[in-house]
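Asker: okay, here's the prediction I keep looking at, along with the sequence it came from:
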Amino acid sequence: MAIDTKERTFEQEIEYWLTQGAKKAELYVKGSPSDFSREYAMDIKAVINFVKDTQPDEWKALIKRHGSENAAEAEFLKRLNAELNQRDIIDVLRHGIVDLGIPVRLAYFKPGSGMNKSATALYEKNVLQITRQVKYSLQSENSIDVVIFLNGLPIITIELKNPLTGQTYKNAINQYKNDRSPREVLLTFKKRAIVHFAVDTEQVWMTTWLRKQDTVFIPFNKGYDKGASNPPVENDYRTSYLWKEVLQRNSLLDILHRFVQVTKDEKTGKEKLIFPRYHQLDAVRKIVSDVYTSGSGKNYLIQHSAGSGKSNSIAWLAHHLANLHDANDDVVFHSIIVITDRRVLDKQLQRDIFNMEHKQGVVVRVDKNSKQLTTALEKGDKIIICTLQKFPFVDVQKVATAGKRFAIIVDEAHSSQTGKASERLKEVLADISAQGEDAIEKKLHEYAVEEAKAEAEEKDPDEEIAAEMATHGQQKNLSFFAFTATPKQKTIEMFGIKNAIGKPEPFHVYSMRQAIEEGFIFNVLENHITYETYFQIGKKIADDPLYSKGQANKALGKYMSLHPHNLAQKTEVIIEHFRSQVQHRIGGKAKAMLVTGSRLHAVRYYFEFQKYIKKMGYTDLGVLVAFSGVVKDNVTGQLVEYTEANINKFPDTETPERFESGEYQLLLVAEKYQTGFDQPLLHTMYVDKKLSGVKAVQTLSRVNRTCPGKTETFILDFVNSREDILNAFQDYYQETGIDETTDPNTIYDIKNVLDSFMLYTDSEIDAFAKVFFKETKNQGNIDLARLNSFIDPAIDRYNALTEERNKVDFKGALSKFIRLYSFLAHIIKLGDENLHKFYAYAKCLLRKLPKDIGERAPNIDDEVSLQYYRLQKSYEGSIPLIKEDGVLYGKTSGTGLPLEDEKENLSAIIQRLNERLGTNFTEMDKVLEQFVQDMAGNEEMVLRAKNPLDLFKIIYDNTIMDVVLSRMTKNQEFCERYLEDDEFRREIDKILLPLVHERLSKM
């Protein structure tokens, strides 16, 4: 007989596994649909049995107060129903209810430590139950395929579909939307079932809020090959992880205890119920499991894309780590420190911890000064949220870190973690006990009443150097958990886990590709327009001055980019594109951002925008600027100091909120709001700035957020090529790796180069170190003067150098040495005391070296003129990414010595620039302009130009040959090539067609 492929077989197999196939301690019980109360939407028999079994004394008290067993059952169920409807099921499960003054628990969650035997015994009495074909409705005989209960309370509903019968999870979603009324008690938001799963043999989708056609289902899939969906499973369903992993007893109880949350939007006041997505659950659990096994002292890089729900993942991880005990029931971490600048995370963590445990003060926010942080560390506060900037000022002498372990969660980890602030963080938190018994004794004396006794334990400077070096590299008592969507090479080296071949890689990945395929963010490369700017610059002075090629090219680039004609042309393109293609999107709420090359560009663009808006009467367009500091400019005819606040006419702290309003549509930015700015209504980005690598990804990703009514995004780029953007995004599309790790020996190569300048001596460095590494309390009044006396000889020798190039080379190599040593100190222990002494000396030396004014870019505005200009669309379409991992290629060698910038006459520099960025305007533009004039004399063409470009192309194709032939006598070489060379003709048409259409349409 053939196997039964109907849906009920799928149900039976899930039920079988949960009730018989799992381990004995994890088994569910099989429920009966007849025990389900449609009125109360719960299995009333299971509820009463759980309370009687776990709280017999409380139940006896209820019988006594209600008068009888039957009355106690009836009144208790009535009270429970009222509490569920007034509060929510999550709160009731976590904190129980009170009936006539008697507290009753409805669930018991696993204690953090196994030491509490009675709490563990109660936890094991929880009853998970699967009931099939539950008729839930008071209005009909509708039934739901599967309902999961905890102690009689419904927590999950599941609609199952089998593709072998021609139905998929999509049919289950439609069933929830069309046939499942959210007014039914079982399906009411947050009152009963917490999450609803639409499941087939291939995919799992979920929602926490049924709203008929407004219901939003999201994927609850594992991901496959760093994309969406689920991987194949040998001899099983692709979706079997749902019941074999997620719904497993300990897993589900943990989700109810430490993951699911009801949150409220501060602006709208609307609530939403958050159930973890699979990758969030997977990441937190894998990290916690590894920490449980490995203990403290290990780093973790979590590469989670935008749209991954990173704030929730960090909050859940912090909560889990705060309660984590090892196999010996010792707490793994004494404090969890979350390094972030996001205020939303502060509030979320505090709210989540309180909701889970009803404990205030578990989360401490450091937002005033470093003293707060010092106090929090001393007290051993469980979860501390602060910015990295607070750590450099913590008084390490006052922080009792001996024997304490810390988990440090870094939000959006980038190479800033390699800086001095991060060094100080490690120094503050490194376990003093790692320095040996002398250090422990010394620390105890510092905190003893008899302060004088500590003097006997004083270390000499060599020991102090060794003590500071011990804070470098990975520390036994510090674990870093770094979250980022776009890790740099240094980030991967610092936080990554080494694979089988010794290369560091992320511990957990939720890729950009998966986030796009699952619909959590937009693919910002789907609609990409690239413009090319063709121009020619001429010299308008008789002299031919000599300039450094690099500096002169910068000056010419600045001249061109700030030229009024260039800004005017791009302004017209941007505003007209926004009005015709963007403004009506997202129900008329769509917004756009212009990324400019500098603060001066932002100011000039702002006035150009206002001029064009006034000229065209576009009073419905509101424009804002965003930049830091002050810009002095005479764009309006007089020199004025501009700030973001005085241009926008409100404080810059209000810019995000004002931009969100309906009053403003366009935001012009300069190095601001290009990272971390989350505005879902941002639909289009205009780019007039060179972007590359991680900066390109972070900047363009500002428009990738989803919101109701948003169906696509646009990028219009005036500067970067299609290939530039493709290369940048490809590195971060899936998992990001590195080509090779930094070679530590490079630091010695740079040191050798520095030694070759003979600007310092070993004796000066040793003398400097003896003073520099002296303990703070033992420093004298003249120690700072002594430090300077050991540095000043090198300064004098530097100033005596006759070749300017040698000064530049030395300073460049010294800067590179400091950066590289600072980075290496985070990932390995070099153990080289002399090198560490030189590092301290080098930092002070660099600060005292004379400031290098350098050769500034010349002001050539009065020496050159813009002679020809054309702005032309060069590419329109999508930029497809390849399904492969990215590899970052870091520069791991070299001394950091700059290349010499040769000098050249201005005329030669202009000629080379025109050849590279311009075109042969002198001939071609003249010919094309003649063609445009000829067609302008054709009345029918002028009339047809009022039509869209694709319709105008018909008459253009019919007319262009006649125009070319009529010009043969005057431009024979050009016209013959147009008629005979198909490729040349296509290129000319690409330029000429839109040019003619634009010119004639305005006649």
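Answerer: In hand now; what should we look at?
Asker: from the middle of its chain, how far away would stretch 501-512 be?
Answerer: 16 Å (Cα atoms, centre = their mean, to the nearest Å).
Asker: next one: stretch 262-270
Answerer: The answer for stretch 262-270 is 23 Å, by Cα atoms, centre = their mean.
Asker: any idea how far apart the tips of it sit?
Answerer: Distance between the two ends of stretch 262-270: 10 Å, counting by Cα to Cα, to the nearest Å.
Asker: same check, this time on stretch 676-693
Answerer: Span of stretch 676-693 from end to end, Cα to Cα: 17 Å.
Asker: where in the stretch 651-800 of the chain is pLDDT low?
Answerer: 774-784 (pLDDT under 70).
Asker: let's go with 80 and repeat that
Answerer: For the stretch 651-800 of the chain, the stretches with pLDDT under 80 are 675-676, 773-785.
Asker: now Y136. Nearest residue, chain neighbours left out?
Answerer: Of all residues not flanking Y136 in the chain, L186 sits nearest, at 4.3 Å (Cβ to Cβ, 6 or more residues apart in numbering). Backbone N, C-alpha and C define where each C-beta goes, glycine included.
Asker: and the one you found, backbone torsions?
Answerer: phi -60, psi -30 (degrees, to the nearest 10).
Asker: equivalent analysis for L888, please.
Answerer: Backbone torsions for L888, taken as degrees, to the nearest 10, come to phi -90, psi 130.
Asker: for it, give the beta-bridge partners.
Answerer: Beta-bridge pairing for L888 (DSSP bridges): I738.
Asker: from here on, call the first residue 529.
Answerer: Shifting the count to begin at 529 puts that one at L1416.
Asker: go ahead and confirm it touches I1266.
Answerer: Yes - between L1416 and I1266 a contact is recorded at 4.9 Å, counting by Cβ atoms under 8 Å.
Asker: picking that back up, relative to M1469, how far out is the residue nearest to Y664?
Answerer: Computed as Cβ to Cβ, to the nearest Å, the L714 to M1469 distance reads 69 Å.
Asker: and T821, how many neighbours?
Answerer: As a burial measure, T821 scores 10 neighbours (other Cβ atoms under 10 Å).
Asker: and it, which of the three is it?
Answerer: Here T821 is helix, with the state taken from DSSP: H, G, I helix; E, B strand; the rest coil.
Asker: in contact with it: list those residues for me.
Answerer: Applying Cβ atoms under 8 Å, 6 or more residues apart in numbering to T821 gives no contacts.
Asker: same check on Q1207?
Answerer: Taking Cβ under 8 Å, 6+ apart, one finds K1119, P1184, F1187, E1188, R1230, R1233 in contact with Q1207.
Asker: what helix or strand does it sit in?
Answerer: Following DSSP states H and E, there is no helix or strand that holds Q1207.
Asker: excluding chain neighbours, what is closest to A1368?
Answerer: By the measure of Cβ to Cβ, 6+ apart, the closest residue to A1368 outside its immediate chain neighbours is F1300, 5.3 Å from it.
Asker: and L1521, how many residues sit next to it?
Answerer: 16.
Asker: residue contacts, it?
Answerer: Neighbour list for L1521: L1477, F1480, K1481, Y1484 [criterion: Cβ under 8 Å, 6+ apart].
Asker: want to throw these into JSON lines with neighbour count and secondary structure?
Answerer: As requested, these are arranged in JSON lines below (neighbours: other Cβ atoms under 10 Å; DSSP: H, G, I helix; E, B strand; the rest coil):
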{"residue": "L1477", "neighbour count": "13", "secondary structure": "helix"}
{"residue": "F1480", "neighbour count": "20", "secondary structure": "helix"}
{"residue": "K1481", "neighbour count": "16", "secondary structure": "helix"}
{"residue": "Y1484", "neighbour count": "21", "secondary structure": "helix"}
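Asker: and of these, the nearest to R893?
Answerer: Of all these, R893 sits closest to L1477, with 56.5 Å by Cβ to Cβ.
Asker: for K580, see how far away that closest one is.
Answerer: Distance of L1477 to K580, given as Cβ to Cβ: 78 Å.
Asker: next: V938.
Answerer: With Cβ to Cβ as the criterion, V938 and K580 are 49 Å apart.
Asker: higher neighbour count, the two?
Answerer: V938 (27 against 16).
Asker: could you look up the SS state of the more buried one?
Answerer: V938 is classified as strand under three-state DSSP.
Asker: tell me the pLDDT of it.
Answerer: Looking at V938, its pLDDT stands at 85.
Asker: tell me who's in contact with I937.
Answerer: Counting by Cβ under 8 Å, 6+ apart, the residues that I937 touches are I842, L845, A846, L849, I864, I865, V866, I867, F1009, F1011.
Asker: among these, find the lowest-pLDDT one for me.
Answerer: I867 (83).
Asker: residues touching the residue nearest to Y664, list them.
Answerer: L714 neighbours (Cβ under 8 Å, 6+ apart): A569, V662, Y664, I672, V675, P682, T685, R720, A721.
Asker: same thing with L784?
Answerer: I618, L621, R622, A635, F637, L678, I683, I722.
Asker: hmm, back to that, with distance to V1247 as extra columns, can I get the contacts of I937 in TSV?
Answerer: Formatted as TSV, the contacts of I937 follow (distance: Cβ to Cβ, whole Å):
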residue	distance to V1247
I842	35
L845	39
A846	41
L849	44
I864	43
I865	40
V866	37
I867	34
F1009	37
F1011	31
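Asker: what's the closest of those to V1151?
Answerer: F1011 (34.5 Å).
Asker: so that closest one sits against A834, correct?
Answerer: No - the pair F1011 / A834 is not scored as a contact, 11.4 Å apart, by Cβ under 8 Å.
Asker: just give me the longest helix of the protein.
Answerer: helix 1332-1355 (DSSP state H).
Asker: ok now the next helix or strand after that helix, how far from the chain's centre?
Answerer: Next in sequence after helix 1332-1355, counting helices and strands by DSSP H and E, comes helix 1361-1376. With Cα atoms, centre = their mean as the basis, helix 1361-1376 stands 35 Å off its chain's centre.
Asker: helices or strands up against helix 1361-1376?
Answerer: The elements that helix 1361-1376 packs onto, with contact taken as 3 or more Cβ pairs under 8 Å, 6 or more residues apart in numbering; DSSP states H and E, are helix 989-997, helix 1274-1284, helix 1290-1300, helix 1311-1328, helix 1332-1355.
Asker: whichever strand or helix holds E906: which residues count as buried?
Answerer: Using DSSP H and E, E906 sits in helix 898-907. Of the residues in helix 898-907, S898, Q900, L901, T902, A904, L905 count as buried by neighbour count, 16 or more other Cβ atoms under 10 Å.
Asker: show me where pLDDT drops low in the stretch 1379-1528 of the chain?
Answerer: Low-confidence segments of the stretch 1379-1528 of the chain (pLDDT under 80): 1379-1400, 1417-1461, 1476-1479, 1492-1528.
Asker: and the strands in it?
Answerer: Assigned by DSSP state E, counting those that start in this stretch, the stretch 1379-1528 of the chain shows strands spanning 1392-1405, 1414-1416, 1431-1433.
Asker: same for the second one, what does it pack against?
Answerer: Okay, so that is strand 1414-1416. Right, strand 1414-1416 is packed against helix 1250-1261, strand 1264-1266 by 3+ Cβ pairs under 8 Å, 6+ apart.
Asker: hmm, who's touching it?
Answerer: Residues from elsewhere that reach strand 1414-1416, judged by Cβ under 8 Å, 6+ apart: 1016-1017, 1020, 1258-1267.
Asker: are any of those buried, and which?
Answerer: K1016, Q1017, I1020, Q1258, D1259, Y1260, Y1261, Q1262, E1263, T1264, G1265, I1266.
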